[in-house]
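Novice: output the structure for:
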Amino acid sequence: MRPDKAKVVDEIWDQERIRSFLDKAPMGEEADPDYSVLLYAYRSMRPDDFRGFLDMFCKQGRNLNARSNTGLTLLQTIAHHRKAAEFRSIIEGALA
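Specialist: Residues are numbered from 1 along each chain as shown. All right, here's what the predicted structure looks like:
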């Protein structure tokens, strides 16, 4: 982290901020906007915030099984991430 950037912890995420992630532009070269939004939310949010985001995402009829340019879903992408167990559980619950 850059020395002039303070680490922010326990930041409050209100519903509007979480909802704003539904409108994020695709990251990089990702062709599927739903995959890009899911990945961005995963990288940015704490598990509880991500849970609320997924609820909004699914209520909009968006694709939780959207695939990256390499053909992976978000669940497959994070399958081996050390700190992603809670996120995987949230996604699996939303898929059930």
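
Novice: so A79 makes contact with R88?
Specialist: Yes: A79 lies in contact with R88 (CB atoms under 8 Å); the separation is 7.3 Å. (C-beta placed from N, C-alpha, C; glycine too.)

Novice: name the residue in those two with the higher neighbour count.
Specialist: A direct count of neighbours by other CB atoms under 10 Å for A79 and R88 places R88 higher, at 14 against 11.

Novice: check contacts around that one.
Specialist: L75, I78, A79 (CB atoms under 8 Å, 6 or more residues apart in numbering).

Novice: and it, how far is that from G61?
Specialist: 22 Å (CB to CB, to the nearest Å).

Novice: report how many residues lie close to M56.
Specialist: Applying other CB under 10 Å, we find 15 residues neighbouring M56.

Novice: pLDDT value on it, please?
Specialist: pLDDT for M56: 96.

Novice: which stretches of this structure have low pLDDT?
Specialist: 1-10 (pLDDT under 70).

Novice: 80 instead, please
Specialist: 1-12 (pLDDT under 80).

Novice: would you state the helices of it in chain order?
Specialist: 15-20, 33-44, 47-59, 74-77, 85-95 (DSSP state H).

Novice: buried residues, stretch 89-96. List them.
Specialist: I90, I91 (16 or more other CB atoms under 10 Å).

Novice: show residues contacting it.
Specialist: Outside of stretch 89-96, the residues within contact range by CB under 8 Å, 6+ apart are P47, F50, R51, L54, D55, C58, L64, N65, L74, L75.

Novice: quick check: the farthest pair among those?
Specialist: Spanning the widest gap among these are P47 and N65, at 20.1 Å by CB to CB.

Novice: for S89, give its distance to R67.
Specialist: S89 is 21 Å from R67, by CB to CB.

Novice: what does L22 give?
Specialist: L22 is 19 Å from R67, by CB to CB.
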